[in-house]
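Novice: Next input, structure requested:
(2 chains)
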Amino acid sequence: MRYLERRMLHASFLLIAVSILCFAFSALAPGNFFDEMKLNPQISPATVAALRSQYGIDQPLPVRYGRWVKSLFSGEWGYSFAYNCPVKNLLLLRARNTLLLTAIATLMSWILAIPIGVWTASRRGRWEDRFTQAGTVFLLSTPELVLALLLLQWIVRTHALPAGGMLSVNFEELTFKSKLIDLLKHLMAPATVLVLASLPLLVRHVRASMIEVLQAPFIQAARAHGIGKATLLFRFALPAAANPLTSLLGFSVAGLLSGSLLVEVISGWPGLGPLLVEASMNRDVYVVVGAVMASTVFMIVGSIVADLLLLIVDPRVRTS
Amino acid sequence: MATDLTTRRSEPPIISAAGLNKTYIQRLPFSRKAFAVQALRNVDFEIVRASLTVLAGESGCGKSSLAKCLAAAEKPDSGSIWFEGTELTRLDGCEMASLRPQIQMVVQDSAGALNPRFTAAEIIAEPQEIQRREDRRGLHSRACELMEEVGLPASAANRHPLEFSGGQRQRLAIARALALQPSLLILDESLSGLDLSTQAHILNLLLDLQQRHSLTLLLISHDLSLVGQIADFVAVMHQGSMVEQGPCREVFSNPCHAHTQELLAAVRIIESTYHAAQAGAGR
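Specialist: Sure thing, here's the model as predicted:
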């Protein structure tokens, strides 16, 4: 419990540091949201100055930071200039969409990676292992962007799946079952790209951990006791190989909000990715800061989850 | 003693190996070049039932490879191994699985040989669970019995391996091996890395267990001075070949092979150095 308290304290310091750095870097960037208005002859300089003053842009950095912190406690998380609404509403909606995509993709990746990794480790050096290794090297060396574009090209040619977006135009008119199918169809393409991008790394990690454990003397001893192959692999070896994988799972949780930005932009998924790109281009500072802070929170939660899982799965960590 | 050993030698051996060959292919790091290491060269070997046989030899001479082949942890490239009248090298997976409990092995690295996630009781119960020998309730009490038999308190049943000392871990490994009531127990350098008093305690324990369970013991060791005093038979390996084997007294008093003579001379040098040092300290 004390460990958890200590971690929470560290996390709060980290969040404060990230927020200050975010504000400092956003202040270093030239211009602001209202600068483009100055180019518009229909908007008078007085109006632009009034807007700057209204949104507090003309204030010094510490004052702006203080106002943002205050808005955090009032539940607004800052204000979006472009959308003219509190950042919280905007972020929660987009984060929900991103989480739906990334959680499914992460789950699928792990569900596939564990059996493939365990299987290839048990067939080490044979053609099945070599073939899988070649496949993972190919996928690792192919950028996410290329995978997404290739899949999109195939979808456009075959019309097998919707080419972009999250819901069909007539979504509201559909029955519950049809709505679910429609959502899954839209989810398929971006989720497949994310799975293909993360799968090789996970497979290689699972395989490497398993190979190390399978050579351990206690595994040889279990073999000498006449254990079955499946029991040996999944009941004995996999839990023993779980430590590095548990940390990796923590990273997967940490990357839930930030891991799919590029794929979301390409596939038109209305998640945090397109919002962040748009907000960065428009210099919508509070949205950018909000998205970065949300990713940081996930990063911290991910690493705490990994540590707690490690505590649960490994008695040595508990003892120490 | 000599008559007894002669009688036991005439009995059919519990395990025998004939013409064993084993070669390992190794690769140099960052190279595709492979080279072969011949660990066993035409090895003939047999172990008399209910005896304590010591397998000695320098490092890398093939002792552990022979032990692994006898324990069916590895398959020899050629040759045959007979255990209680059954040829091990011809058995399929299922037949081998039913025979495995009969031959158990305890390795040197006791920390690595015990699953670090299991408690002592779970470690000892594991082989019985695999072989479905006991129901779940009986497993724990049987594990506690075995712990006490090897000199560990049953109150430590819920401790993890890393909470035990090296000697205690070795006892735990022996208890696990005994759980399946094997006929042959192979101890591969199990005494190495332990201090002298712990080695003596474990040797006494092994002798005690041998008498109680009519166990056949194969002890692989460098230390001829320690195990030579209690072994019934000794076998000496050199560069993958079996160069000498026979009753311990015969081999010790009349070593035929030059390598055996070297090993025994080394023991005598150590002993005389020790006695000289003792005498010097006394003066």
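
Novice: beta partners of the residue nearest the centre of chain B?
Specialist: Centroid check for chain B by C-alpha atoms, centre = their mean gives residue B:187 as the closest residue, at 2.0 Å. Beta bridges link residue B:187 to residue B:106, residue B:219, judged by DSSP bridges.

Novice: Test my guess that it contacts residue B:216.
Specialist: No. Residue B:187 is not in contact with residue B:216 according to C-beta atoms under 8 Å; the separation is 11.5 Å. Using the backbone N, CA and C atoms, a C-beta is placed for each residue, glycine as well.

Novice: How many neighbouring residues does residue 258 have?
Specialist: Picking chain A for this. Burial of residue A:258 is recorded as 19 neighbouring residues (other C-beta atoms under 10 Å in any protein chain shown).

Novice: oops, chain B please
Specialist: Neighbours of residue B:258 using other C-beta under 10 Å come to 11.

Novice: if I look at it, how far off is residue A:137?
Specialist: Per C-beta to C-beta, to the nearest Å, residue B:258 is found 53 Å from residue A:137.

Novice: repeat for residue A:237
Specialist: From residue A:237 to residue A:137 the distance is 24 Å (C-beta to C-beta).

Novice: neighbour-wise, which of these two wins?
Specialist: residue A:237 (25 against 12).

Novice: which ones are touching the more buried one?
Specialist: Neighbouring residues of residue A:237 by C-beta atoms under 8 Å, 6 or more residues apart in numbering or on different chains: A:118, A:210, A:213, A:214, A:219.

Novice: hang on, the earlier thing: and the residue nearest to the centre of chain B, how far is that from residue B:99?
Specialist: 20 Å.

Novice: So what sits opposite residue B:22 in the bridge?
Specialist: residue B:40.

Novice: what about it, how many neighbours?
Specialist: Neighbour tally, residue B:22, other C-beta under 10 Å: 22.

Novice: And stretch A:266-274, end to end?
Specialist: 9 Å (C-alpha to C-alpha, to the nearest Å).

Novice: now do stretch B:146-159
Specialist: 15 Å.

Novice: same thing with stretch B:213-222?
Specialist: Taking C-alpha to C-alpha as the criterion, the two ends of stretch B:213-222 lie 26 Å apart.

Novice: Stretch B:65-75 now?
Specialist: Counting by C-alpha to C-alpha, the terminal residues of stretch B:65-75 are separated by 10 Å.

Novice: What residues sit buried inside that stretch?
Specialist: The neighbour-count check on stretch B:65-75 (16 or more other C-beta atoms under 10 Å in any protein chain shown) flags B:65, B:66, B:67, B:68, B:69, B:70, B:71, B:72, B:73, B:74 as buried.

Novice: so where is the chain shaky, pLDDT-wise?
Specialist: All of this refers to chain A. Applying pLDDT under 70 to chain A flags residues A:1, A:319-320.

Novice: think we crossed wires, I meant chain B
Specialist: Ranges of chain B meeting pLDDT under 70: B:1-10, B:133-134, B:270-275, B:277-278, B:280-283.

Novice: For the stretch 51-200 of chain B, which residues are neighbours of chain A?
Specialist: Residues of the stretch 51-200 of chain B found near chain A (C-beta under 8 Å from any C-beta of the partner chain) are B:71-73, B:96-98, B:100-101, B:103-105, B:107, B:109, B:112-117, B:119, B:126-127, B:130-131, B:160, B:162-163, B:173, B:176, B:180.

Novice: Which parts of the stretch 51-200 of chain B are helices?
Specialist: B:63-70, B:93-99, B:110-113, B:120-130, B:136-149, B:166-178, B:196-213 (DSSP state H, counting those that start in this stretch).
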